[in-house]
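K.L.:
Dropping a prediction and its sequence here:
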Amino acid sequence: MLGMFFNPFGFDAIQIMLMKLTGSYLGANLVLYLLAVSCFGLYFLYSGTNPITEVKKSIKYLIDKFR
């Protein structure tokens, strides 16, 4: 619960710092999105799961559930 309260304050500080470094709002957001994508990529790489097959399984499960 405390993390939900304090997390936006850290995000704002990082966002402003990146905006000063890159000189634009878009550049700062791009850096943060690339960081998030790299974390997801490393997770899938080290866990040994294929994200495409996982999405297919989830979609098939939802379709079967609502039939």
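P.N.:
Everything's here; your move.

K.L.:
buried set for the one helix or strand L42 maps to?
P.N.:
Using DSSP states H and E, L42 sits within helix 25-47. By 16 or more other Cβ atoms under 10 Å, the buried positions in helix 25-47 come out as 28, 31. Just so you know, the C-beta spots here come from the backbone N, C-alpha and C atoms, and that holds for glycine as well.

K.L.:
quick one: average confidence on the next helix or strand after that helix?
P.N.:
Downstream of helix 25-47, the next assigned helix or strand under DSSP H and E is helix 51-65. For helix 51-65, mean pLDDT is 93.

K.L.:
For L18, grab the count of nearby residues.
P.N.:
The local packing of L18 (other Cβ atoms under 10 Å) involves 19 other residues.

K.L.:
residue contacts, the residue nearest to it when sequence neighbours are not counted?
P.N.:
Closest residue to L18 apart from its sequence neighbours, by Cβ to Cβ, 6 or more residues apart in numbering: A28 at 3.7 Å. Listed by Cβ atoms under 8 Å, 6 or more residues apart in numbering, the contact set of A28 reads 15, 18-19, 21-22.
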